[in-house]
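1. mind looking at a prediction? Sequence and model below.
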Amino acid sequence: MFNSTLPTVTLSDLLQYADAITRQAFANEVEYLDILSEDCKNHHHFLSIKFPKLIHVSIDGTDDNSSPDLYQQYLSPTLKIWQFYGGYLSDEFLLQLATSCPALEEVLIDNPRETLTATGFLSFLQSPYLKSLKRLIILYDMETVLSPEVFANLALHPGLEVLGIRHDEFPSLMSQCSGRPLFPDLKALDLSAPLECLIENSQKGHFPTLSRLEVLLKDPSEDFTASFGKQRLIDTTYPGKHAPLAELAAVFPNLEVLSIEFAEQTVTDIQLEDLAGMSERFKNLRELRLEGMDGALRGRDIGDQAVEALVKKAGKLEILRLQMTEMGVTDQGLRAVGRECGSIREVGLGGRFQLRLQLAGQKGVRFPALKELELGDVVDTGRGEEDLVRGLMEAAPELKDFRIEEGESEFASELRKLWRARREIERQDEDGEGEDRSE
């Protein structure tokens with residue numbers, strides 16, 4: 001029997017009902033529709049089907065998305081989230097999206113195959129029906145759409161809370177806007193731009209409500225050296241020297257989420273004091289990610305002392321990912337995270353670990369909410385995989401994903417396999433207990 005309470009339904013789920021009447025009956029109840037790439041070739045089977053309760057539709061990118069006429073049936077007055085990951089669109093379809101879906105809150109567009117124009121996108125944003133838009137994410141192949149006129153509309157669009165825009169011209173587009181504060185309601189921003197651009201524009205009164213910031217730094221050497229005089233994140237040693245994160249904290253003191261990804265063009269070094277002062281400057285941090293692509297971020301000075309200093313005053317942290325090369329973090333730093341951050345649910349740390357989470361004569365550290373754990377390496381100390389897995393499962397009973405980053409050794413690989421096997425046995429036992437209670 002079709003289960004309409006499933007969080008997500010695919011076209012394959014619906015195709016199992018051969019006749020159109022039965023298929024329509026079940027489509028009437030669908031609220032979350034995930035159209036996988038292999039299902040996109042089946043759009044034409046649903047051209048006469050309506051989805052009157054549809055709230056969220058996500059369409060994978062593929063050349064089978066060959067015409068916007070194939071997506072008309074997914075437009076519903078109840079639709080709130082439209083995510084399109086690649087294929088052919090048109091300016092006319094965007095207008096129809098706005099007109100047919102007055103409840104629309106989120107739009108994501110990726111790789112529309114150069115089928116959209118700046119004029120058409122501006123008409124979409126200016127549609128009198130698009131009053132509920134809160135989140136807009138525009139990704140690959142959207143550069144030509146972001147004209148100064150489009151950007152100015154976005155910057156003053158009422159109620160816009162989330163903007164994802166990986167466009168290298170962001171600083172230039174900001175400089176062409178003038179007048180009242182820009183992005184007055186924005187809470188989350190995901191972009192590729194120098195930190196200096198964000199700092200300068202915040203000092204002008206823009207982004208007044210920002211609490212989540214995700215940045216891709218494509219040229220950290222320019223951003224950290226030329227613009228700030230010193231290739232450092234937080235400068236506590238030389239007063240008066242510019243330091244990006246210290247200044248970022250001054251203009252965005254209420255950030256709850258900070259994610260900075262360093263592109264692979266250069267290597268940036270992080271020092272001990274770079275981390276030590278972060279929890280003092282960003283007092284509301286729930287998520288912190290500092291990550292480098294292909295060795296672009298180096299943490300020679302980042303060991304247990306740096307992690308302990310960071311988490312000492314960061315009890316609100318739920319996600320901590322410090323993915324750098326040459327880090328010296330050990331079990332001591334990992335235990336500090338568990339000790340200070342009781343709500344932590346995701347941890348990623350470079351370094352070498354033995355997974356000794358309980359010291360002799362001391363109370364063991366627990367991670368009651370931890371779901372994901374990624375470590376640089378786990379070394380064999382002769383304790384055996386069984387003992388390590390048992391200790392890990394006791395310390396982190398809710399752990400669902402355990403990964404080892406640095407080209408797994410044979411020991412690390414066997415350790416992960418054993419943990420997955422034990423976790424699967426535990427899951428099956430939990431399912432069996434649930435069935436017994438229901439009976």
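-> Great, that's in hand.
2. where do the strands sit along the stretch 251-400 of the chain?
-> Secondary structure of the stretch 251-400 of the chain (DSSP state E, counting those that start in this stretch): strands at 257-262, 268-269, 287-292, 297-298, 319-323, 346-353, 372-378.
3. and if you look at the stretch 51-200 of the chain?
-> 56-59, 81-84, 106-109, 135-138, 162-165, 188-192.
4. coming back round to it: want to throw the strands of the stretch 251-400 of the chain into a markdown table with mean neighbour count, mean pLDDT and distance to Asp387?
-> Placement of C-beta: from N, CA and C, glycine included. Formatted as a markdown table, the strands of the stretch 251-400 of the chain follow (neighbours: other CB atoms under 10 Å; pLDDT from 0 to 100; distance: least, CB to CB, whole Å):
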| stretch | mean neighbour count | mean pLDDT | distance to Asp387 |
| --- | --- | --- | --- |
| strand 257-262 | 21 | 92 | 35 |
| strand 268-269 | 20 | 76 | 37 |
| strand 287-292 | 21 | 92 | 31 |
| strand 297-298 | 24 | 86 | 33 |
| strand 319-323 | 21 | 95 | 26 |
| strand 346-353 | 21 | 95 | 14 |
| strand 372-378 | 20 | 94 | 13 |
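5. which one is Asn65 nearest to, not counting chain neighbours?
-> In space, and not counting its chain neighbours, Asn65 is closest to Gly87: 2.3 Å by CB to CB, 6 or more residues apart in numbering.
6. er, Glu426 I mean
-> Using CB to CB, 6+ apart, the nearest residue to Glu426 is Met393, at 7.4 Å.
7. need the pLDDT of that neighbour.
-> Per-residue confidence (pLDDT) for Met393: 93.
8. and Tyr129, by the same measure?
-> 96.
9. Leu217 now?
-> As predicted, Leu217 sits at a pLDDT of 82.
10. right, and it touches Ile260 too?
-> Yes - Leu217 lies in contact with Ile260 (CB atoms under 8 Å); the separation is 6.4 Å.
11. find the residues that touch each one of these two.
-> Counting by CB atoms under 8 Å, 6 or more residues apart in numbering, the contacts common to Leu217 and Ile260 are Leu195.
12. re the thing from before, residues contacting the residue nearest to Asn65?
-> Here Gly87 is in contact with 40, 59, 61-66, 111-113 (CB under 8 Å, 6+ apart).
13. so how far is Leu11 from it?
-> Distance of Gly87 to Leu11, computed by CB to CB, to the nearest Å: 15 Å.
14. tell me where the model's unsure across the stretch 151-300 of the chain.
-> By pLDDT under 70, the low-scoring segments of the stretch 151-300 of the chain are 219-243, 264-266, 273-274.
15. and the strands of the stretch 251-400 of the chain: which comes nearest Cys197?
-> strand 257-262 (13.6 Å; CB to CB).
16. show me what the closest one is packed up against.
-> Using 3 or more CB pairs under 8 Å, 6 or more residues apart in numbering; DSSP states H and E, the elements in contact with strand 257-262 are strand 212-217, strand 287-292.
17. let's see it at 10 Å
-> With contacts taken as 3 or more CB pairs under 10 Å, 6 or more residues apart in numbering; DSSP states H and E, strand 257-262 sits against strand 188-192, strand 212-217, helix 244-251, strand 287-292, strand 297-298, strand 319-323.
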